[in-house]
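> for reference, the sequence and a predicted model appear below.
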Amino acid sequence: MHEIKGLLIGHKNNNQNPLKSYTLNNMQHMVLFLCLNNYSYSAIALLLNEFGYKITPVRVNDYLEQLKLIFNVRNKELIKNPAASSGVY
């Protein structure tokens, strides 16, 4: 995640988003899908643990922070619009 923050800070004054063509990894896709379906951090962690992924609510929050940076939004609720418009879900 620090690489993403550094990348964004490096391009802070540039008008183009350096993450526009960023491809999401599998875990980011799963967290995004569950987030878009209104699951909480802890519910996402519980579901993913049921499917064999070892993840805590804190780590889910880290993934959501990455997604907010990728989609250039300030909160979890605003992820829905860019994710839908970009064709992710």
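Okay, I see it. Residues are numbered from 1 along each chain as shown.
> who are the packing partners of the helix or strand hosting residue 34?
Using DSSP states H and E, residue 34 sits in helix 26-36. Contacts defined by 3 or more CB pairs under 8 Å, 6 or more residues apart in numbering; DSSP states H and E place helix 26-36 against helix 41-50, helix 57-70, helix 80-85. C-beta: built from backbone N, CA, C; applies to glycine.
> between those helices, which gets nearest to residue 25?
helix 57-70 (9.3 Å; CB to CB).
> ok, the closest residue to residue 59 other than its chain neighbours - contacts?
Leaving aside its chain neighbours, residue 59 sits nearest to residue 45 (7.4 Å; criterion: CB to CB, 6 or more residues apart in numbering). The neighbourhood of residue 45, defined by CB atoms under 8 Å, 6 or more residues apart in numbering, consists of 55, 56, 57, 59, 60.
> for PyMOL, write a command that selects the buried ones of these.
Restricted to buried positions by 16 or more other CB atoms under 10 Å, the PyMOL selection for the contacts of residue 45 reads:
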select buried, resi 55+59+60
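> quick one on the thing from earlier: and the residue nearest to residue 59, how far from residue 33?
Separation of residue 45 from residue 33 (CB to CB, to the nearest Å): 14 Å.
> and what of residue 49?
From residue 49 over to residue 33 (counting by CB to CB), the distance is 16 Å.
> pLDDT below threshold where in this structure?
1-20, 82-89 (pLDDT under 70).
> now residue 23: which helix or strand?
Using DSSP H and E, no helix or strand contains residue 23.
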